[in-house]
Each structure stands twice: as structure tokens, then as C-alpha cells.
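> the sequence isn't on hand, but the structure is:
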Ligand SMILES: Cc1cc2nc3c(=O)[nH]c(=O)nc-3n(C[C@H](O)[C@H](O)[C@H](O)COP(=O)(O)O)c2cc1C
């Protein structure tokens with residue numbers, strides 16, 4: 001698959017997940033096998049204030065490439081300048097603009113999914129960003145403000161005409177949040193409408209789900225969010241399944257080594273105290289379904305140090321062996 005001139009090996013994208021897809025998590029998912037990883041959403045305006053929080057969101061390592069950096073905002077000039085700053089940093093292979101976030105704070109600024117009812121403003125934003133950068137430009141949209149998908153089809157056409165190189169559709173409405181089911185039929189219609197690649201997203205929990213989405217919609221690639229939080233191997237499983245019809249399930253040994261790896265990467269990156277706070281929830285996602293996971297999770301909620309985390313992982317591994 002190609003997005004503009006960027007050749008992508010494989011068909012899997014890690015979804016942008018605010019608060020989750022930080023650098024160490026992206027590196028972990030990349031190590032587990034994933035074609036393209038996406039940053040958390042970054043405020044275009046925040047880039048100009050040079051806020052420490054924003055700069056952390058923009059930290060990257062070559063090993064994770066190709067990387068898609070997602071920006072959000074509502075002002076064409078700010079978004080264009082922010083995109084150019086990111087391009088000049090040479091960390092990103094793709095710049096993505098967020099048209100899907102339905103969090104109140106974002107919608108109130110006419111950013112995220114609010115843009116889906118502002119076709120003129122959307123056109124100005126995309127034309128300005130397109131003019132400012134040479135990197136592949138993508139957008140991530142929802143179905144819009146009602147169930148028909150008309151907003152998505154309209155914004156997608158505007159985007160394609162403005163020179164956007166690929167579109168991800170998460171087919172839930174603005175008010176749906178993450179409730180109900182993603183309507184994959186809308187991905188199918190969008191794929192028929194556009195000549196640029198379409199990436200399907202929403203409710204992929206297994207490699208089999210991804211294969212069903214591709215078969216139904218003919219989308220060019222799939223994007224996975226929540227399932228990758230629990231199973232970072234899912235993206236390579238999907239690529240294997242799409243290519244060969246089979247995939248491997250990680251052994252408990254691999255799962256525990258992955259948990260250790262995440263622990264060490266988080267501690268190196270965030271520092272021991274903040275990392276331990278985050279690891280209390282992050283590590284518990286990996287053990288869903290394993291015998292005795294509730295008691296293990298209760299212990300994880302008290303992690304204080306790196307060694308404490310590693311000891312708990314080790315103790316649980318021995319217990320279920
Ligand atoms: C915790 C969380 C954070 C998210 N942050 C972003 C974000 O920063 N940008 C974005 O476009 N979508 C964001 N999303 C939406 C996901 O990228 C994705 O579209 C959605 O979760 C549906 O895919 P899934 O069913 O594979 O999780 C977020 C979702 C969750 C659950």
C-alpha cells in the first residue's frame with residue numbers, strides 16, 4: 001500500500017489513543033509487529049507555546065518509523081504552521097488531522113468531530129496544510145452527526161479534492177462516543193467513493209475481525225486502537241492472517257516478557273514514579289483471562305517501584321506456570 005510516496009509494508013495501523021500511544025507504547029507495538037504507529041493527538045496551538053507537555057508528545061525514535069503524527073485544531077493557519085514545524089522536525093512520515101475527537105473540550109473549539117459540520121472551514125484547513133507540507137497528509141473522521149454517514153462522505157470528498165492522501169473512517173457518530181457498534185457498511189461506501197486509500201477502524205478485536213472488515217469493505221488497511229492496549233501482538237496477527245490465513249497466539253512467556261519490556265521502557269522514559277502510576281493500569285490490561293488475574297490486578301494497583309513491578313510480574317508468571 002502507498003500513501004502518497006510512502007510505501008507501507010503491511011496493512012495495519014495503531015490508532016492514535018490520547019494518553020496511551022506515547023513513545024514507549026508505540027515502540028512496544030512496533031516491536032510486536034505493526035506497519036504504522038500513530039502519535040497521540042497534539043494541539044496545533046500547543047506547538048507554538050512550546051509547552052513541555054506538547055513537546056513530549058512529539059518525541060520519537062527512528063525505530064518506530066513510519067510514524068503518523070496527529071494534529072488537532074480549528075484554525076487553518078495554525079494547523080498549517082504546526083504541520084510544517086512537525087515536517088521540519090523530521091520525525092513524522094505522515095501528518096494526520098483529527099476530525100473525530102468528540103471530547104467536549106475539543107468540540108467546543110470547533111476542532112475534532114466539530115469540523116465535520118463545517119465543510120468550508122475543513123476545506124480551508126486541508127488546503128492550507130496541503131500547501132504547507134510535502135509529507136503524506138491524512139485525516140481521521142467519524143461517520144459524522146447522524147447515522148447516514150453523509151457528513152463523512154462529504155468531508156472525505158472535500159479532503160480528496162484538497163489533496164489529502166488517505167482517510168481513516170471510524171464509523172460511529174459524534175454523539176455515539178464508543179457506544180453501540182461501528183457501522184462497517186459506511187467504510188464500504190466510502191471506499192467505493194474515493195480513489196485515495198481508505199483505512200477502516202472500529203471494533204476490531206481479533207485478526208478474524210480485521211479479515212471480515214477487509215472482505216466486507218475492501219478497505220486498504222485497518223486501524224486498531226483498544227484491542228492493541230490489551231494485545232500489542234494483534235497488529236502482526238492481522239498482517240499474518242491477511243497474508244497467510246493463519247497467525248500465532250503469543251505464549252504466556254512472551255506476554256510476561258512484553259510486560260517486563262513495557263515496565264523498563266516506561267521507567268526509562270517517564271521516570272520511576274510516574275511510570276509506576278501508569279503501569280498500575282497498563283500492566284493489568286495484558287493479563288485479562290489468565291487464571292487469578294483479579295488478585296494480580298489488585299496487587300498491581302499498589303506498584304511503587306520498578307523492582308516491585310518486576311517482582312509482581314515474576315510472581316504471577318510462576319503462579320500460573
Ligand atoms: C483512550 C482513547 C483515546 C483516543 N484518542 C484518540 C486520539 O487522540 N485521536 C483520535 O483520532 N482518536 C482517538 N481515539 C479513537 C481511536 O483512535 C479509535 O478511533 C477508536 O478507539 C475506535 O477504534 P477501536 O475500536 O479499534 O478502539 C481514542 C480512543 C480511546 C479509547
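Ah, there it is. As the structure is a computational prediction, the values presented were derived from the model and not from experiment. Numbers count the residues shown, from 1 in each chain.
> residues contacting the residue of the stretch 201-321 of the chain found nearest the ligand?
Using C-beta to the nearest ligand atom, the closest approach of the stretch 201-321 of the chain to the ligand is made by residue 225 at 2.9 Å. C-betas here are computed from N, CA, C, even on glycine. Applying C-beta atoms under 8 Å, 6 or more residues apart in numbering to residue 225 gives the contacts 14, 15, 16, 17, 201.
> surely the third one meets residue 37?
In this case it means residue 16. No: here residue 16 lies out of contact with residue 37, judged by C-beta atoms under 8 Å, at a distance of 9.2 Å.
> need the overlap of contacts for the two.
Between them, residue 16 and residue 37 share the contacting residues residue 68, judged by C-beta under 8 Å, 6+ apart.
> of the contacts of residue 225, list those near the ligand.
Filtering these for proximity to the ligand (criterion: C-beta under 6 Å from any ligand atom) leaves 15, 16, 17, 201.
> could you dump these into JSON lines with pLDDT, neighbour count and secondary structure added?
What follows is these, written out as JSON lines (pLDDT from 0 to 100; neighbours: other C-beta atoms under 10 Å; DSSP: H, G, I helix; E, B strand; the rest coil):
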{"residue": "15", "pLDDT": "98", "neighbour count": "26", "secondary structure": "coil"}
{"residue": "16", "pLDDT": "98", "neighbour count": "25", "secondary structure": "coil"}
{"residue": "17", "pLDDT": "98", "neighbour count": "17", "secondary structure": "coil"}
{"residue": "201", "pLDDT": "98", "neighbour count": "26", "secondary structure": "strand"}
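> excluding its backbone neighbours, what's nearest residue 72?
Counting by C-beta to C-beta, 6 or more residues apart in numbering, residue 98 is the residue found nearest to residue 72 once chain neighbours are left out, at 4.0 Å.
> repeat for residue 123
By the measure of C-beta to C-beta, 6+ apart, the closest residue to residue 123 outside its immediate chain neighbours is residue 158, 5.1 Å from it.
> am I right that residue 155 is in a helix?
Yes: judged by DSSP: H, G, I helix; E, B strand; the rest coil, residue 155 forms part of a helix.
> neighbours of it, just the number please.
Counted with other C-beta atoms under 10 Å, the neighbours of residue 155 add up to 26.
> just residue 81 next, same as before
Neighbours of residue 81 (other C-beta under 10 Å): 18.
> next one: residue 73 from the ligand, what distance?
13 Å (C-beta to the nearest ligand atom, to the nearest Å).
> need the contact list for that residue.
For residue 73, the contacting residues are 43, 44, 45, 79, 82, 109, 111, 125, by C-beta under 8 Å, 6+ apart.
> what's near enough to touch the nearest residue to it once chain neighbours are set aside?
In this structure, residue 73 finds its nearest non-sequential neighbour in residue 44, 3.4 Å apart by C-beta to C-beta, 6+ apart. Residues near residue 44 by C-beta under 8 Å, 6+ apart: 71, 72, 73, 75, 78, 79, 81, 82, 83.
> try 7 Å this time
Counting by C-beta atoms under 7 Å, 6 or more residues apart in numbering, residue 44 touches 71, 72, 73, 78, 79, 82.
> pick out the most distant pair among these.
Pairwise distances across the contacts of residue 44 peak at 10.4 Å for 72 and 78 (criterion: C-beta to C-beta).
> quick one: which of those two has more around it?
Ranked by neighbour count (other C-beta under 10 Å), residue 72 and residue 78 place residue 72 first, with 27 against 19.
> having no further points to raise, I will conclude here.
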